[in-house]
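**Student:** 3D model of this:
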Amino acid sequence: MKSYLRFLGRNKLYTAIETVGLSVALAFVLLIGTYVWQQYSVARNCEDYERIFTIGRSDENTKVLGLRFDSPGILKANIPEIEQAGCYYDIFESPTRLNGEVVPVENIYVDKEFFEMFNIRFISGSADVFDDVNNVVVSESFANAHGGAEKIIGSRIHKRGPEQIVAGVIEDFDNEMFAYCDIIHNINLRGRPVPYIHDSYTFIKLREGVRIEDVEEKVKAEVQKIFDSAPFDLGYEPFILRYDEVFFAGDTDFANCLNNADSRTLKIMLAVVLILLFSAMVNFINLSAAMSGKRVREMATRMVSGADWKSIFRRYVVESVGISIFCTVAAVLIAIASEPSINRLVQSDIPIRVSLSPICVIIYLATGLAIGLAASILPASIGISISPMNVLKGQFKADSKRVFGKIFIALQNAVSIVLIALAIMMELQMKHLAERPVGADIDDLYYLWLDDIKERGPLEEEIRKMPFVTRIGLSEGYPGGLVESSVETDPGKEQMIGMLICDTEAFEMYSFGKKSSDGYASGNSVWTTQGTYDNMSAFAAQMGIPDVNQMMWLANPGSRFGGILEDFAIFDALIDDSGSWCWVRVDETQSFTPFMANGAGLLIETTGNRAENRKAIEEAYRKYSEELNGIYMEPKTAGYIEDLLTEKLTETKSNMRIMELFMLLSILLSFMGLVAMSTYFSSESTSDIAIRKVYGSTVEEETAGCIWKYMKIVFISCVIALPVAVFACGQYLDSFVYRIGNHWWVYALAIILAVLISLAAVFIQISRAARTNPAEALKKE
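**Tutor:** Numbering: from 1, shown residues only. Now for the predicted structure:
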C-alpha cells in the first residue's frame, strides 16, 4: 500500500481527478438518494399502509380527493370488512385566542378514529377526548411554545363559535403525509354535512386478510349513494387509492394539508444523478486502468521476485477499495455540508437529512466497497496479463488500455452531448413558460388578498392616500390565476370553468382586448372568450336555448352578456386550460359579491419603484391585520401579478436548477477525465511523435494528427448521443402543456459545445507532447 500511496503522490493530476470526481459524485448521489428514499418512506411510514385507502371523486376532467365529512361513518356502518374509517379536513390559518392571548394558529379537523387508524402518539390525553366535541388536541411544538404539555392542558381556545378546551397533546406530524398543524378540532363541530360538498379526506382501513379487490365494488356503490343523495346530479364517479399511492398521485388535486411528491420529477432527478455517478465511475475505472500502465514495471518486478497472479490481483483490489472507501467517507462529509444548500434548491415539504445511523453507515461503506471492487477488475486484469520479461526488456505496449480508454471517452462524450442538449432545452422551456403571454395588462398591478372584503374600508382608505397609487379595484382571481369552478354540461360530464369576478375599476385596469361588445361595460355583466362562447353556443343548442346570451345566468343570475374578449391566460403556464371555459363577471363596486365565501383581492394600480411600493403596501396591511385580528396574519396572496405568476413556476424552476447542477458536474467530470486521459495518451505517445519528427514530421502535423484521433472518437460519440438526446428532450418537453418545439439547432449547438470542450481538454496536452525535443523524448526510452 505504501508503494501505491507514493505512486499517487507522483501522479497528482490523476489522483485529484479520480478522488475529487468520485467524492463529489457520490456526495450528490447520497443526497438525492436520501431525498428519493425519504419520499418513498413517507408514503409507507404507516405500519398498516397496505390496508389503508382513501376515496375520491372523478369526472371527465379531474380527479379530486375528498368526500362528505360524514362518509367514514356511513362506509363503516354498511361495509363490515372495514375495520376503521376516519377523515381529515383541510389545514387553514386563523387568529385564535389562547387564554385571552391572540396567536396565529394552523388548524385541521379530524374525527376520533383518525388518531387510532394512524397510531398518533399522545403525550397527554388520548383519542377519547374527542368524545366531547368542544375538546381540542394541540401539537407538541405548539404546547412547548406556550408553557409545555402539562401547563397547556385545560387552556381555553376561542376562534369562532363556542369556547374550546385543550384536552390532549400529540407528537408533531414529522416526515409524514400530513402537514404540520397546531390545533386539531373535532370534525363534528362543522355541524350537519352539506349533501353536495365533498371536501374532507376519507380514509378506510380494511380488516386483516381482506383485499381491496374483495370490497372495491361495495365501497364504490356506497360512495355512489352518498353522491346521489345530493339534490342534483353531481356527475361524480368514485375512485380508490392506497395510502402509499396518494403521495405520488400527481394527476389528483390536493389541498395544502397533504404533503405530496411528483414521481416523474423524482425519476428524472434519480436518472440525472445516476448519470453523474456513471461519469465518475467511468473516470475512476479509466484512470485506474491508465495508471496501471504506469506501474507495469513495479508489478513485473514483483512477479519476477516470486509474486503470483493472485497476490497481484489482490493488491489491485485492495488499493482500489481503499481509495473508494476514502472517497465514500469524503462524500458523506460533503453531503452533510451541502444539506442546507440542496434543501434550499429542492424546497421539499420534507427536507433532506443525511442519516449517520449504524445501518446507513454500513450501506455507505458497502457502496464504497462495491465501487472499489467494480473499478479494480479492469486494471487488475491488465496487471496480471502482462509478461514480466517483456516489460523488463521494454517491449510492453499498453494497447489494450488505449482501446478501453477510447471506449470510455466516447461514452463520456455521448453523455455530455445528451446533458448539454437537455440543459439548453430546459432553459429555453423555462424562458418560454416565464414569457407566456397573459393577454391582459398586468403591468404594475398589485394583488392583495383579504379574507373578508367587507372589512376592507380602513385598509383601502390608507392605500388610496399613497402617492404612487393611481386606482384601486376589487378582483377575485387575476389573469393566469382565475377561480376554478365547473358546470354540468351532460349527465355525468363536468366542464371546467375559470372565473374572474371583478368590479368595473379592475375590469378597466386589466384592459382586456375586446373582439366584440354590446357596449355594456358597466357592472352586472358577463364576458367570455371566443372559444368559450362557441362551446356555450353548442351547449345552448343542445339544451334548446335559442339565445346563448341567456346562459349568462350560469355565471351570475340576473346578469347580461357584455361581449367577447380576446383569449387570455386562465390558469398558470403549468396547467392545461385549452379546454376550459372562461367567464369574467363584472360587478358594480358597491354590489361586488365574491364567488367563494367572503374573500377577494384588492387590485392596486401603482407607478414608480415596485420594491418601495411593495414595502409601503405590506406595512399598511400589517397595521390593518393587527388592528382587525389582534395579531398579524399573513395574507394568502400578495404581490405584483407578474411576480405571482412567476412564483407558480418556483418549484419547477428549482427542480430544473438542481438537475442542471448535476448535469454541470457530470460535464465537468467528463472534461476532467478527458484532460487526464489526454495527458496519459500524450505521454505514452511522446516517443512515437519524436521518431516521426526525426523523420521530418512537423509540430503542426503531429498536433493535428493527434487531435484528429480524438475528434474521430468525438464524432462517433455524436452519432451515439444524437438519438438519445432527441428522445430525452422530447420526454422532458412532453411533461409541459405549454411547451416549445423540439428544435434541431439545440442538438447542433450541443454537439458544437461538446467538440469545443473536447478540444479544450486535449489541445494543451497534445501540443506539449508535439513540442517536446525528440532527443529528450528518446533518451527516456
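
**Student:** what about Ala337, how many residues nearby?
**Tutor:** Burial of Ala337 is recorded as 11 neighbouring residues (other CB atoms under 10 Å). To be clear about C-beta, it is placed using only N, CA and C from the backbone, and glycine gets the same treatment.

**Student:** can you tell me the element it falls in?
**Tutor:** Under the criterion DSSP states H and E, the helix or strand holding Ala337 is helix 309-346.

**Student:** which strands and helices sit next to that helix?
**Tutor:** Packing contacts for helix 309-346, counted by 3 or more CB pairs under 8 Å, 6 or more residues apart in numbering; DSSP states H and E, involve helix 2-10, helix 12-42, helix 263-293, helix 296-304, helix 358-385, helix 650-694.

**Student:** can you list the buried residues in it?
**Tutor:** Neighbour counts over helix 309-346 (16 or more other CB atoms under 10 Å) mark 312-313, 315-317, 319-321, 323-325, 327-332, 334-335, 338, 342-343, 345-346 as buried.

**Student:** quick one: it to helix 263-293, angle?
**Tutor:** Here helix 309-346 points in a direction 150 degrees away from that of helix 263-293 (axes from the mean of the first three to the mean of the last three CA atoms, to 10 degrees).

**Student:** helix 309-346 relative to helix 12-42, how many degrees between them?
**Tutor:** 60 degrees.

**Student:** and helix 309-346, average pLDDT?
**Tutor:** Mean pLDDT, helix 309-346: 84.

**Student:** repeat that for stretch 439-453.
**Tutor:** Averaged over stretch 439-453, pLDDT sits at 92.

**Student:** which of the residues in that stretch are buried?
**Tutor:** Counting neighbours by 16+ other CB under 10 Å, one finds that the buried residues in stretch 439-453 are 439-442, 444-451, 453.

**Student:** farthest-separated two in the residues you listed?
**Tutor:** Gly439 and Asp451 (28.7 Å; CB to CB).

**Student:** after the helix or strand in which Cys706 is found, which helix or strand is next? Please name it.
**Tutor:** Per DSSP H and E, Cys706 falls inside helix 699-733. Using DSSP H and E, the helix or strand that directly follows helix 699-733 along the chain is helix 744-771.

**Student:** by contact count, what packs against that following helix?
**Tutor:** When contacts are defined as 3+ CB pairs under 8 Å, 6+ apart, helix 744-771 sits against helix 399-434, helix 650-694, helix 699-733.

**Student:** contact partners for Leu448?
**Tutor:** If a contact means CB atoms under 8 Å, 6 or more residues apart in numbering, then Leu448 has Gly601, Leu602, Ile604, Ile617, Tyr621, Pro635, Thr637, Ala638 as its contacts.

**Student:** brain fart, Phe173
**Tutor:** Applying CB under 8 Å, 6+ apart, the residues contacting Phe173 are Ser139, Ala179, Tyr180, Cys181.

**Student:** of these, just the buried ones, ChimeraX syntax please.
**Tutor:** Selection of buried members from the contacts of Phe173 for ChimeraX, criterion 16+ other CB under 10 Å:
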select :139,179,180,181
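
**Student:** now, which of the contacts of Phe173 lie within strands?
**Tutor:** Per DSSP state E, strands hold the following members of the contacts of Phe173: Ser139.

**Student:** returning to that earlier point: mean pLDDT and distance to Ala271 for the helices and strands packed on helix 744-771 - can I get that in a markdown table?
**Tutor:** A markdown table is the format used below for these (pLDDT from 0 to 100; distance: least, CB to CB, whole Å):
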| stretch | mean pLDDT | distance to Ala271 |
| --- | --- | --- |
| helix 399-434 | 80 | 10 |
| helix 650-694 | 72 | 9 |
| helix 699-733 | 84 | 9 |
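
**Student:** Gly608 is nearest to which of those helices?
**Tutor:** With CB to CB as the measure, helix 399-434 is the member of the helices and strands packed on helix 744-771 nearest Gly608 (23.8 Å).

**Student:** between the closest one and helix 744-771, how big is the angle?
**Tutor:** 140 degrees.

**Student:** next, the angle helix 358-385 makes with helix 399-434.
**Tutor:** Using the same axes, to 10 degrees: helix 399-434 against helix 358-385 is 140 degrees.

**Student:** partners of the helix or strand following helix 399-434 in the sheet?
**Tutor:** As assigned by DSSP H and E, the chain's next helix or strand after helix 399-434 is strand 445-450. Strand pairing for strand 445-450, using DSSP bridges, gives strand 600-606 (antiparallel), strand 638-640 (antiparallel).

**Student:** can you dump the C-alpha coordinates of strand 445-450 into CSV?
**Tutor:** The C-alpha coordinates for strand 445-450 follow below in CSV (Å, rounded to 0.1, in the frame of the first residue of the first chain):
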residue,chain,number,x,y,z
LEU,A,445,-50.9,45.8,-10.8
TYR,A,446,-50.5,44.7,-7.1
TYR,A,447,-52.9,42.0,-5.9
LEU,A,448,-53.6,41.8,-2.1
TRP,A,449,-56.0,39.1,-0.8
LEU,A,450,-58.4,39.9,2.0
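
**Student:** and of the helices and strands packed on helix 744-771, who's closest to Ile108?
**Tutor:** helix 650-694 (23.2 Å).

**Student:** rewinding a little: can you add mean neighbour count and give the strands paired with strand 445-450 back as JSON lines?
**Tutor:** Below are the strands paired with strand 445-450 laid out as JSON lines (neighbours: other CB atoms under 10 Å):
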{"stretch": "strand 600-606", "mean neighbour count": "24"}
{"stretch": "strand 638-640", "mean neighbour count": "19"}
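
**Student:** circling back to that earlier point, now for the contacts of Phe173, which pair is the farthest apart?
**Tutor:** So, these by CB to CB: farthest apart are Ser139 and Ala179, at 11.2 Å.

**Student:** and the helices and strands packed on helix 309-346, which one's lowest on average pLDDT?
**Tutor:** helix 2-10 (a mean of 62).

**Student:** and the helices in the stretch 51-200 of the chain, which stretches?
**Tutor:** 71-78, 112-117, 140-145, 149-152 (DSSP state H, counting those that start in this stretch).

**Student:** most tightly surrounded among the ones you listed?
**Tutor:** helix 112-117 (a mean of 21; mean count of other CB atoms under 10 Å).

**Student:** returning to that earlier point: turn the strands paired with strand 445-450 into a markdown table, including mean pLDDT.
**Tutor:** As requested, the strands paired with strand 445-450 are exported to a markdown table (pLDDT from 0 to 100):
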| stretch | mean pLDDT |
| --- | --- |
| strand 600-606 | 95 |
| strand 638-640 | 94 |
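
**Student:** quick check: the residue nearest to Asn134 when sequence neighbours are not counted vs Ile153, distance?
**Tutor:** In this structure, Asn134 finds its nearest non-sequential neighbour in Gln164, 5.1 Å apart by CB to CB, 6 or more residues apart in numbering. Distance of Gln164 to Ile153, given as CB to CB, to the nearest Å: 13 Å.

**Student:** those two: who's more crowded?
**Tutor:** Gln164 (21 against 18).

**Student:** residues in contact with the more buried one?
**Tutor:** With CB under 8 Å, 6+ apart, Gln164 has these contacts: Asn134, Asn135, Val136, Arg156, Ile157, His158, His185.

**Student:** go ahead and confirm the first one touches Val166.
**Tutor:** I take that to be Asn134. No. Counting by CB atoms under 8 Å, Asn134 stays clear of Val166, with 10.8 Å between them.

**Student:** settle it for me: which of these two has more neighbours?
**Tutor:** Using other CB under 10 Å, the more surrounded residue of Asn134 and Val166 is Val166, with 26 against 14.

**Student:** show me what that one bridges to in the sheet.
**Tutor:** Note on Val166: beta-bridge partners by DSSP bridges are Val136.

**Student:** does it really touch Ile153, like I thought?
**Tutor:** Yes. Between Val166 and Ile153 there is a contact at 5.9 Å, judged by CB under 8 Å.
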